[in-house]
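Enquirer: Need a 3D model of the following:
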Amino acid sequence: MSAPPEDRERELTEAFVRLADSLVDDFDVIDLMHVLTDDCVRLLEADAAGLLLADREGVLRVASSSSQQARVVELFQLQADEGPCLDCYRTSNPINEADLAGSGRWPAFTANALEQGYRAVHAVPLRLRNETVGSLSLFNTRAEALSSADLRVAQAMADVATIALLQDRTLQDQAQLTEQLQTALSSRVIIEQAKGVLAERGGLDPAEAFRRMREHSRACHRRLTDLAREVVSGDLDTSALLERRRRG
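Expert: You can find the predicted model right below:
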């Protein structure tokens, strides 16, 4: 059941405030990307979300995903070099594919998406003026189109996130722009390594390991990337993270 209009408006306002809070110096890029994908799933008619960013060579990489299944789909389309999220990035135009099985546009991608349980996909570009730096993907287990209102909200959220990513950077200086995005993707690698360390030590699944790191970083007012780097290097006592239990 959909939330009442007044509740949805309040939740959307809170989501944009969270994104706007990133428009400050020294914000946490990784946390921003996960806030974006989490809010999309929570507020829009989507069952999962993923985020692709281009590295300094213009090659797309998976930067964030709300579920392991969505991550598998995003990785597969990069490997197969076909899919709606790639088309969205390359054309800077949104994609709203309501029925993957009946479209025939991306046969390899579609087979993998259906295997992971997704029957519809929607994507909006991360763009600022003439520069596109990635794409935000929304996945549905039902074969249905995303409403025009939700598609506009998704694009607006992607636009705010893009501004945060590119803040204090002049788009005329391509070296500065690509360095900013490369830093975000490098941080993603550190996060994945830290998740693996915690998962192995605590017998956790990767999603739970990430949830604990993210919760701990917020409680301690620390950047998630810095925390992950200390987990990987062994400079952080991980006993507190491994003993944490999901809060009610």
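Enquirer: how far away is residue 45 from residue 128?
Expert: Residue 45 sits 26 Å away from residue 128, going by C-beta to C-beta, to the nearest Å. C-beta: built from backbone N, CA, C; applies to glycine.
Enquirer: again with residue 205
Expert: Using C-beta to C-beta, one obtains 36 Å as the distance from residue 205 to residue 128.
Enquirer: Look at the two and report which has more neighbours.
Expert: Taking neighbours as other C-beta atoms under 10 Å, residue 205 and residue 128 compare with residue 128 leading, 16 against 12.
Enquirer: Reduced to three states, what does the closest residue to the more buried one other than its chain neighbours come out as?
Expert: Setting aside the residues directly before and after it, residue 128 is nearest to residue 162 in space (C-beta to C-beta, 6 or more residues apart in numbering), at 5.0 Å. Following DSSP: H, G, I helix; E, B strand; the rest coil, the label given to residue 162 is helix.
Enquirer: so residue 231 makes contact with residue 198?
Expert: Yes - judged on C-beta atoms under 8 Å, residue 231 makes contact with residue 198 at a distance of 6.5 Å.
Enquirer: okay, and the common contacts of these two?
Expert: Common contact partners of residue 231 and residue 198 (C-beta atoms under 8 Å, 6 or more residues apart in numbering): 213, 238, 241.
Enquirer: Filter those down to just the ones in helices.
Expert: Mapping those onto helices (DSSP state H) picks out 213, 241.
Enquirer: Neighbour-wise, give me the winner out of the shared contacts of residue 231 and residue 198.
Expert: Counting neighbours by other C-beta under 10 Å, the top entry in those is residue 213, with 23 neighbours.
Enquirer: Please tell me how far it sits from residue 223.
Expert: Distance from residue 213 to residue 223, counting by C-beta to C-beta: 11 Å.
Enquirer: do residue 192 as well
Expert: 16 Å.
Enquirer: Kindly state the domain boundaries assigned to this structure.
Expert: 5-168, 187-243 (automatic domain parsing).
Enquirer: looking at those domains, which is buried most?
Expert: domain 5-168 (a mean of 19; mean count of other C-beta atoms under 10 Å).
Enquirer: Could you pull out the strands in the protein for me?
Expert: Ranges of strands in the chain, per DSSP state E, are 48-54, 60-65, 95-97, 120-128, 131-140.
Enquirer: With respect to residue 33, which of the ones you listed lies nearest?
Expert: Residue 33 lies closest to strand 60-65 among these, at 3.8 Å (C-beta to C-beta).
Enquirer: so what does that closest one touch, helix or strand wise?
Expert: With contacts taken as 3 or more C-beta pairs under 8 Å, 6 or more residues apart in numbering; DSSP states H and E, strand 60-65 sits against helix 29-43, strand 48-54, helix 68-80, helix 84-91, strand 131-140, helix 174-202.
Enquirer: Using JSON lines, lay out the ones you listed together with distance to residue 12.
Expert: Output for these, formatted as JSON lines (distance: least, C-beta to C-beta, whole Å):
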{"stretch": "helix 29-43", "distance to residue 12": "6"}
{"stretch": "strand 48-54", "distance to residue 12": "15"}
{"stretch": "helix 68-80", "distance to residue 12": "22"}
{"stretch": "helix 84-91", "distance to residue 12": "22"}
{"stretch": "strand 131-140", "distance to residue 12": "15"}
{"stretch": "helix 174-202", "distance to residue 12": "25"}
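Enquirer: Okay then, goodbye and thanks.
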